[in-house]
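>>> Could you work out the structure for the sequence below:
(2 chains)
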Amino acid sequence: MWLKIRLPDVGRWSIRRKLLCITSLLLIAVSLLGVRAAQSYAQNAAQLSYDRLLTGAALQIAEQISLRQGRVVADLPRAAFETLALAPDDRVYYRIMGPGGEHITGYDDLPGAPARVGKMAHGSSQGDAGDAFRKQFFDADYRGEAVRFVLLERLLTETDFSGYIRIQIGQTRLARTSLADEISLRALQLIGLLFGVALLLVSLGIWMTLRPLDQLDRALARRSSVDLSPLDMAVPREISKLVHTINHFMQQLGGTLNGLQRFTSEAAHQIRTPLAGLRSQAQNALDEEDSTLRQQQLGRVLESADRLSDTVNQLLSQAVLAHRLRSQPAEAVALDSLVRDLCRELALPALEQGVELGYEGDAQVLLQGNAFALRQMVQNILENAIRYSNPGSEVRVQLQQDERSISLAVADNGPGIPDAEKPLVFERFYRSPGNSRTGSGLGLAIAKEVASYHRASLKLSDNEPAGLVVTVRFHRRRAT
Amino acid sequence: MRLSKRLPGCFVRLLLSLFLSVFLAGTATALRAETLWDLPSRGAETSVLQVYGGADFVAIAPLLEAYQMQYPSVRLQYSEFGTLELYNRFLQDLPRTPDLVMSSAMDLQFKLVNDGYAQAYSSAQTQALPDWARWRNEIFGITYEPAVMVINSGFLDNETLPSSRAELIDLIRRKGDQVRGRIGTFDIEKVGIGYLVWSHDNLRTASNGRLLESFSLHDAQLFQSSAAMLQQLALGNIVIAYNVLGSYAHAWARQYPVLSVIKPSDYTTVIMRSAFIPAAAANTTDAKRFLDFMLSLQGQQVLADKSSLYPIRDEVSGETSAQGLRLSNNSPLRPIPLGVSLLVQTDAMKRSLILEEWRNAFSR
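The predicted structure is shown next:
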């Protein structure tokens, strides 16, 4: 049965393992190259050494070739063969040929040299001016074995004779091969040792490099879950970025947590106070015996309940909004139809208050954003404007766009906001001291939040002769 | 001429003494082409081992007999040749070859092996040989033989025997006419072993020329076998025999105490009988067994005790052993190593140059 080898997800491999894998692969590649180089070096070295033996023997023989009575005589020196015997187990073949290529002595069936490619090395034995020789090495098979041959040509000159004598000596390759093997084995051992040492050092290096990460991990693990103070560790520069990011993240998290805490306590306060008031008003109404007064008190109870309901709605919608903004990606929103639909929806409740809602705007106003949030923002601004308008007055909505920005302006003829209070109305639960209308104090805060999410500016200005203009200006991004 | 003889193993020793007497009678001087000794198996025959030998059958017979004792089912066919004939015959008969070739002509044996006619064999026995006694695990030295000079001391009138070549030359000069025509050595043109030793000494020593000059001046006789030379020496027809194989010389000296065997103290050339298994041998199994047997302590001990040949293994004791040889004499032994330098002696032109010098010396 085949075992299915399951390769673990490479992306999840530990850095240590990856580094080890990569460096091992690199080391192996380098070692293989080294082995190849060593082998070729060994081959060359062995070849060179034993070629020199061959040359030496050929030269010794060449020296003993002379002309006797017009005949070429080769008096083989024993020393030449003793030189060759330095490769003790190799067979030796030789042949001596005269100037015309005629056989003089030795093995007459030796393979000839391959066609010369002008590679005959010219040389001159030291000090023997004019005793020129040429030599050529080649490999050939002879008697079923690979044989290395040298072919040495020596110029034989006598008073009445001049010609090249050729000496060919062949030797089997046992000694060469074993020398080459020995050299490569040595090199291989060295490379193996270096491989081992390098791997050890690399492992050590990797361990040392990754140790700060372990330390960081341990430092984080040791922390209590509420400790968001910045980490203070001596770490390498590469990891200090990570530490910095973690610290920054923790700081943000701390800020968020603080904000949430503040919001929760404010919200609790905002709900608890009207609830208590509501309770005491209801109690009063219960205790009241005069029916006209009770009617009035019950009317106030209803008013308070409305306001509370408003506050709770806004709180919930803000929570929902915050969630939407975080979780939903931006999309293309047709702002014109969004505003138009809202105006249409709110026109009737406005008329009930005696307020007229007018819309005027460009068509095809598109922007990237969150439709739900934008709708919430526009609704809040519109409701605010309607709420603070006097009966018989008008709320005007204008939507305009040019190449650089989109602006939405909502103008009412209400009491307006004094300049000193303008920056404060965006804060949550802020209510103008003289304000008697129902409202949670969250509407504009939410609008501000949505606007800043969309990188839009939210501006308050005064309307003529009285009232407030809320202007939201979206900046178009270059790319869109 | 092909002489075939069948003889039962138990008569070998009888025959040995018979043969010795035949030699003494002076009928064996003729050059033999081939003599086939057919030794039937002692038990039921299962295989035949063909051996070409350059050694006298007489000398090798005890070894063959001992081998057949160990391997009773093998029939042995031992063909005896002169060393040069053996070489030529081997090449002529190709691709048919015997199963084993033994000869004392190291140069010719080596040439056959260098030219790729032998197969490699390695065993505990072959590995026990010293490095200079084997080459490529293809050729193996079996025996160890010094080339000695033998003097019939009868003619010396109580003079001291010469112990070196210089003293020999001196003796010849002093005796002058007394030794004219009474010096014997191998005819190196016809005897392979004679050529081997002479050419080796020639290549190694310049003083060989003086020796040659001295021989030629005194009309040295040239012989074609050790036996013939030693026979004439024993008879007193010659008084000095130069470059005889020590093994034969000792055998004869034991019979004729008047013969003194001298290992020259300047240097003593030592040759090896060598054996190889031809690449195309038909019966390699028995050939390998025979080779192992020859090289085993048992086989070597047989050589030391019963043959007049010197075993090559150090561990073997006896008067005629390589060890005994090395211990008994302080003369420097110069074994001719099995190696490519032997090719020099086989070179046709080198041979003709050496023979030319030899002939020129003797034809004056």
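>>> Show me which residues of the stretch 51-200 of chain B sit near chain A.
Neighbours of chain A within the stretch 51-200 of chain B, by Cβ under 8 Å from any Cβ of the partner chain: B:Asn114, B:Asp115, B:Gly116, B:Asp131, B:Trp135, B:Arg136. (Glycine included, C-beta is placed from N, CA and C.)
>>> Make a ChimeraX selection of whichever of these turn out to be buried.
Buried residues among those (16 or more other Cβ atoms under 10 Å in any protein chain shown), as a ChimeraX selection:
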select /B:114,116,135,136
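>>> where exactly do the helices run in the stretch 251-400 of chain A?
Secondary structure of the stretch 251-400 of chain A by DSSP state H, counting those that start in this stretch: the helices cover A:291-327, A:335-352, A:371-387.
>>> try the stretch 201-350 of chain B
For the stretch 201-350 of chain B, the helices defined by DSSP H, counting those that start in this stretch cover B:208-217, B:226-235, B:246-255, B:284-295, B:297-305, B:322-328, B:342-346, B:348-362.
>>> Mind pulling the model confidence for the residue positioned nearest the centre of chain B?
Centroid check for chain B by Cα atoms, centre = their mean gives B:Ser104 as the closest residue, at 4.5 Å. We note a pLDDT of 85 for B:Ser104 in this prediction.
>>> same thing with B:Thr320?
Value for B:Thr320, per-residue pLDDT: 55.
>>> quick one, what contacts the residue in the stretch 151-300 of chain A that chain B sits nearest to?
Residue of the stretch 151-300 of chain A nearest chain B, by Cβ to the nearest Cβ: A:Leu174 (8.2 Å). Applying Cβ atoms under 8 Å, 6 or more residues apart in numbering or on different chains, we find A:Leu174 in contact with A:Ala87, A:Asp89, A:Asp90.
>>> Intersect those residues with the contacts of chain B.
Residues shared between those and the neighbourhood of chain B are A:Asp89, A:Asp90 [Cβ under 8 Å from any Cβ].
>>> Neighbour count says what about the contacts of A:Leu174? Which are buried?
Applying 16+ other Cβ under 10 Å to the contacts of A:Leu174 flags A:Ala87, A:Asp90 as buried.
>>> still on that earlier bit, ranking the helices of the stretch 201-350 of chain B by mean pLDDT, which is last?
helix B:322-328 (a mean of 56).
>>> To chain A, which of the helices of the stretch 201-350 of chain B lies closest?
Here helix B:348-362 is closest among those (Cβ to the nearest Cβ), at 3.8 Å.
>>> residues contacting residue 145?
Since no chain was named, I'll use chain A. Contacts of A:Glu145 by Cβ under 8 Å, 6+ apart are A:Arg91, A:Thr172, A:Arg173, B:Gly116.
>>> my bad, chain B
B:Ser104, B:Leu245, B:Gly246, B:Ser247, B:Val270, B:Ile271, B:Met272, B:Arg273, B:Leu309, B:Tyr310.
>>> Regarding it, what is its secondary structure?
strand (DSSP: H, G, I helix; E, B strand; the rest coil).
>>> how close does it get to B:Thr35?
To B:Thr35, B:Glu145 is 21 Å away according to Cβ to Cβ, to the nearest Å.
>>> And for A:His244?
When A:His244 is compared with B:Thr35 (using Cβ to Cβ), they lie 106 Å apart.
>>> Which one's more surrounded, those two?
Set side by side, A:His244 and B:Thr35 show more neighbours around B:Thr35, with 17 against 13, by other Cβ atoms under 10 Å in any protein chain shown.
>>> What sits closest to that one if chain neighbours are left out?
B:Glu80 (4.4 Å; Cβ to Cβ, 6 or more residues apart in numbering or on different chains).
>>> The one you found reaches B:Phe57, doesn't it?
Yes: taking contacts as Cβ atoms under 8 Å, B:Glu80 lies within contact range of B:Phe57: 5.1 Å.
>>> shared neighbours of those two, which are they?
B:Thr35, B:Trp37.
>>> which sections of the chain are below the confidence cut-off?
No chain in the question, so chain A it is. A:1-8, A:116-132, A:432-440, A:477-480 (pLDDT under 70).
>>> Chain B is the one I meant
B:1-33, B:55, B:307-309, B:314-331, B:364.
>>> what domains does the record give for chain B?
As given by automatic domain parsing, the domain ranges for chain B are B:3-145+B:271-335, B:146-269+B:342-362.
>>> meant to ask about chain A
Split by automatic domain parsing, chain A gives A:20-112+A:119-180, A:223-327, A:329-480.
>>> Make a markdown table from the ones you listed and add distance to A:Leu210 to it.
Output for the domains of chain A, formatted as a markdown table (distance: least, Cβ to Cβ, whole Å):
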| stretch | distance to A:Leu210 |
| --- | --- |
| domain A:20-112+A:119-180 | 11 |
| domain A:223-327 | 10 |
| domain A:329-480 | 36 |
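>>> Let me see the contact set for residue 294.
Picking chain A for this. Per Cβ under 8 Å, 6+ apart, neighbours of A:Arg294: A:Ala285, A:Glu288.
>>> that's the wrong chain, I wanted chain B
B:Leu63, B:Tyr67, B:Ile142, B:Ala275, B:Gln300, B:Leu303.
>>> okay if I get these as a markdown table plus neighbour count?
Output for these, formatted as a markdown table (neighbours: other Cβ atoms under 10 Å in any protein chain shown):
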| residue | neighbour count |
| --- | --- |
| B:Leu63 | 24 |
| B:Tyr67 | 23 |
| B:Ile142 | 26 |
| B:Ala275 | 24 |
| B:Gln300 | 29 |
| B:Leu303 | 29 |
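>>> Give me the subset of the residues of the stretch 51-200 of chain B next to chain A that lies in strands.
B:Trp135 (DSSP state E).
>>> still on that earlier bit, closest to B:Ser164 out of the domains of chain A?
Comparison of the domains of chain A against B:Ser164 by Cβ to Cβ identifies domain A:20-112+A:119-180 as nearest, at 22.8 Å.
>>> Now the terminal residues of the closest one, how far apart.
This stretch, domain A:20-112+A:119-180, spans 33 Å end to end (Cα to Cα, to the nearest Å).
>>> Alongside chain B, which residues does chain A contribute?
A:73-78, A:81-82, A:84-85, A:88-94, A:96, A:104-106, A:143-145.
>>> Filter these down to the buried ones.
A:73-78, A:81-82, A:84-85, A:88, A:90-94, A:96, A:104-106, A:143.
>>> Might you specify the subset of these located within strands?
Using DSSP E, these in strands are A:Val73, A:Ala74, A:Val92, A:Tyr93, A:Tyr94, A:Ile96, A:Ile104, A:Thr105, A:Gly106.
>>> Now do the phi/psi pair for whatever residue of the stretch 301-450 of chain A ends up closest to chain B.
Residue of the stretch 301-450 of chain A nearest chain B, by Cβ to the nearest Cβ: A:Pro329 (82.8 Å). Torsion angles at A:Pro329 (phi, psi; degrees, to the nearest 10) stand at phi -70, psi 160.
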